[in-house]
Every structure is written in structure tokens, then in C-alpha cells.
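Student: no FASTA, just this:
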């Protein structure tokens, strides 16, 4: 907990928890939780494990230029990464995941970490692309409760963001020298020694962004990325359905989008507070749900992800003989 970023995350989690729980009727909150049906909740947890398996399989395409790897191996490393992110600050799960995969496959640590960066870019791109596409072609009643502008304008903005991110991925991969020339142009106002150092850093970073150049592999990564979000939507639907509430497809998408935003905001381990507040507000604003019931649902949706990810990942963490100190040392290494 030495990092100032960790303290910021804790402060934000505390703030969002306070906003989520203030003025909540605790009787209604407890009554809502008491009527959960366990069968759809266990189904939601099973779906979470399926998404981790797909992530492991997708990773094989990203890491292929470094070293061909078994999807089973990468699945276990993925579970470790998610579990450590859930219990330790500063997103140390990414380092734990990289260390596990590097140690088990023999691939260079830096190269493996580069594939995780690419994976995050694909996750962001596909989320933006899917949401923009759905806004463009599907009807979202009461979308004005979430966005101050029309549905079409939101679709254009998100589509442009997703397209720009995809262009950046392709530019970094296939036009590295061009990107570095553009970067050098914008760095000209800085002192020469600073700009040189930044170009060296950019070049090292891009060198670690490994992925297959084969079109079929890129299409497989894109398809699997879309599949991950589709199945994640099923997790949300089942977790909410455990309360006897069948959300409409548009409501599921709005709730999932709020969750995606929440995990991108600095927070305490497990995205506590930020996750709960944004999920609650999505249900209150878009569905018109009572705040107490919306918060109870947010708690359960979070738990349906947190519990299986953490239990399975920590068991694997212990099985591989890894330690917290090893991960912390990786973070402090130059």
C-alpha cells in the first residue's frame, strides 16, 4: 500500500460506496437479498468461468508469435490474474498473470506482458464497437435518461472511438516507423534528450505488443472478443434474474456498459464501490428501479463474478507455488 495510486483507489471506492449506500432503506435492501433464487445465480457464476476459458483460448492467438501455448495453460494464468486483481491493489493481477504464463511456457516476461496490453485494447475496441452498433440499429427506450444527446449521436461518438482504437492497434503493428515519426513530430517542443528517451520508450513498448499478423488469427481474436462480451451479458442477465427480474436486452446492455466503465476507474481491489454505484445508477436511471433493490442487484452481480474468479484463481495461485512477494518484487523491478 505504498503507492499513492492505491490510496486514490481506496478513496474513490469509499466515496462511491458512500454514494451507493446513502439514503438506502436497509429493510428493503435485506428483503431483496433474501429472495434470491440460487439456480440462476449459480448459472451466472458458471458463465463467468466460461468467459475465462474463452480468454485463455483467445490469448493463444495473441501470444502465438512469441511461443505457441496451450489454451489450458493460459486459462489458468488468466484465473490467477483476475483473482489477484480482486484481492490486491494497483492491478497487480496483470503482473501475476504475466509471471505465471512466462514461467510455465518459458516465454520472455516482457513479450507476454505486451500481449496482455493488446488484449486490453481489443476488449475496449469490441466493447465500443458493439455498443455503437447496437445504438445505431436497435431501439433503446429512455436512452435520454442516460445520455444528454440522441441515441444516434452517442453511436457516432462511440463508433469513432472504437474505430480510432482499432486504427491505433493496426498502426502500431504494421506501421511502427510511421507512428514513431508522427510521435517525433509532436515531441519536438520538448528538450531533445527528453524526446529521444520517449521515442526509445515508445519503441520498446511497441516491440512488446506482439500478435499474429495472419488475417485469420486477427479475425479469430475479434470474434472471440465479441463472444466474451456476449457471454458477459448472459452473466448479467442470469445474476439479475436470480431476483426474479428479467431485464430487457437494452437494459442488460446498459448495465453491462456501466460495469465496463466501472472496472476502468481506479478503485480498491475488486473494483468495490465504483462497480456497485455505477451498476446501481444504471438500473435506477434506465430501468426506473428502486435504489435499494438496484443496489442489492449490483452487489449480487458483482459477487457472481468476484467469487468464482477469486476462489479458482487463488487456488491456482497456491498450486503454482507463487507468492505475493514475488508479484510485488516484479512491480518494483526496474
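Tutor: Cool, got the structure. Note that this is a predicted model, so its numbers are computed, not measured. Numbering: from 1, shown residues only.
Student: quick one: contacts for the nearest residue to residue 91 once chain neighbours are set aside?
Tutor: Distance criterion CB to CB, 6 or more residues apart in numbering; nearest residue to residue 91, sequence neighbours excluded, is residue 85 at 5.8 Å. In this view, the C-beta of every residue, glycine as well, is placed from N, C-alpha and C. Counting by CB atoms under 8 Å, 6 or more residues apart in numbering, residue 85 makes contact with 91, 92, 93, 94, 269, 270.
Student: got any ranges where the stretch 151-300 of the chain has weak pLDDT?
Tutor: Along the stretch 151-300 of the chain, segments meeting pLDDT under 70 span 169, 173, 201-213.
Student: Secondary structure, distance to residue 101 and neighbour count for the contacts of residue 85 - can I get that in CSV?
Tutor: Compiled in CSV, the contacts of residue 85 are given as follows (DSSP: H, G, I helix; E, B strand; the rest coil; distance: CB to CB, whole Å; neighbours: other CB atoms under 10 Å):
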residue, secondary structure, distance to residue 101, neighbour count
91, coil, 16, 17
92, coil, 15, 20
93, helix, 12, 24
94, helix, 11, 19
269, helix, 21, 21
270, helix, 22, 22
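Student: Which one of the residues you listed is nearest to residue 324?
Tutor: Distance to residue 324 across the contacts of residue 85 (CB to CB) is lowest for residue 92, with 8.5 Å.
Student: mind listing the helices in the stretch 101-250 of the chain by residue range?
Tutor: 109-137, 151-174, 176-186, 192-208, 215-241, 249-262 (DSSP state H, counting those that start in this stretch).
Student: of all these, which lies closest to residue 45?
Tutor: Closest to residue 45 of those, according to CB to CB: helix 215-241, at 8.2 Å.
Student: Off-centre distance for that closest one?
Tutor: On the basis of CA atoms, centre = their mean, to the nearest Å, helix 215-241 sits 12 Å off its chain's mean C-alpha point.
Student: what packs against it?
Tutor: Identification of packing neighbours for helix 215-241 by 3 or more CB pairs under 8 Å, 6 or more residues apart in numbering; DSSP states H and E yields helix 38-63, helix 109-137, helix 249-262, helix 291-319.
Student: in the very next helix or strand once past the first one, what counts as buried?
Tutor: Elements were assigned by DSSP states H and E; along the chain past helix 38-63, the next helix or strand is helix 71-87. When burial is assessed from 16 or more other CB atoms under 10 Å, helix 71-87 yields the following buried residues: 71, 73-87.
Student: Let me know the average pLDDT across helix 71-87.
Tutor: For helix 71-87, the mean per-residue pLDDT is 95.
Student: got the angle for that helix vs helix 291-319?
Tutor: 130 degrees (axes from the mean of the first three to the mean of the last three CA atoms, to 10 degrees).
Student: With adjacent residues omitted, what lies nearest to residue 299?
Tutor: residue 276 (6.2 Å).
Student: about what we covered before: could you export the contacts of residue 85 as JSON lines, including distance to residue 163?
Tutor: Below are the contacts of residue 85 laid out as JSON lines (distance: CB to CB, whole Å):
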{"residue": "91", "distance to residue 163": "27"}
{"residue": "92", "distance to residue 163": "32"}
{"residue": "93", "distance to residue 163": "29"}
{"residue": "94", "distance to residue 163": "26"}
{"residue": "269", "distance to residue 163": "33"}
{"residue": "270", "distance to residue 163": "32"}
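Student: between those, which is closest to residue 45?
Tutor: Looking across the contacts of residue 85 and measuring by CB to CB, the closest to residue 45 is residue 270, at 15.4 Å.
Student: residues touching that closest one, list them.
Tutor: The contact partners of residue 270, by CB under 8 Å, 6+ apart, come to 85, 86, 87, 302, 306, 310.
Student: can you redo those as a markdown table with distance to residue 183?
Tutor: Below are the contacts of residue 270 laid out as a markdown table (distance: CB to CB, whole Å):
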| residue | distance to residue 183 |
| --- | --- |
| 85 | 30 |
| 86 | 35 |
| 87 | 37 |
| 302 | 39 |
| 306 | 39 |
| 310 | 39 |
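Student: Now flag whichever of those is closest to residue 27.
Tutor: Nearest to residue 27 among the contacts of residue 270 is residue 302, at 21.5 Å by CB to CB.
Student: and the nearest residue to the closest one once chain neighbours are set aside, how many neighbours?
Tutor: Leaving aside its chain neighbours, residue 302 sits nearest to residue 275 (5.2 Å; criterion: CB to CB, 6+ apart). By other CB atoms under 10 Å, the residues close to residue 275 number 26.
Student: What strand or helix carries residue 275?
Tutor: Per DSSP H and E, residue 275 falls inside helix 274-282.
Student: Compute the inter-axis angle for that helix and helix 249-262.
Tutor: Going by the same axes, to 10 degrees, helix 274-282 makes 150 degrees with helix 249-262.
Student: Now do helix 274-282 and helix 215-241, the angle between them.
Tutor: 70 degrees.
Student: For the remainder of this discussion, apply numbering that starts at 20.
Tutor: Taking 20 as the first residue, the last one we looked at is helix 293-301.
Student: Pull the distance from helix 293-301 to the chain's centre.
Tutor: Between the centre of helix 293-301 and the centre of its chain there are 15 Å (CA atoms, centre = their mean).
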